[in-house]
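Enquirer: Show me how the following folds:
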Amino acid sequence: MGALEIALLYKYRWQVELFFRWIKQHLKVKTFW
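Expert: Below you'll find the predicted structure:
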């Protein structure tokens, strides 16, 4: 894997993390899994 792929993976993972955090805050989801 090149540096670009790694950077894209980290960016994608960070966006997903922020997305789930937003869902939990706005929908008051305690146990999402």
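
Enquirer: how about the strands in this protein?
Expert: Secondary structure of the chain (DSSP state E): no strands located.

Enquirer: Can you pull out the low-pLDDT segments for it?
Expert: 29-33 (pLDDT under 70).

Enquirer: Repeat the analysis, applying 80 as the threshold.
Expert: For the chain, residues meeting the criterion pLDDT under 80 lie at 1, 28-33.

Enquirer: Residue 4: how many residues sit nearby?
Expert: 8 (other CB atoms under 10 Å). Quick note: C-beta positions are derived from backbone N, CA and C, even for glycine.

Enquirer: typo on my end, it should be residue 16
Expert: 10.

Enquirer: if I look at it, how far off is residue 7?
Expert: 15 Å (CB to CB, to the nearest Å).

Enquirer: Quick one: neighbours of residue 5, just the number.
Expert: Quick note: residue 5 (other CB under 10 Å) scores 9 neighbours.

Enquirer: I meant residue 24, not that one.
Expert: Residue 24, neighbours per other CB under 10 Å, totals 13.

Enquirer: ok, now how distant is it from residue 3?
Expert: 32 Å.
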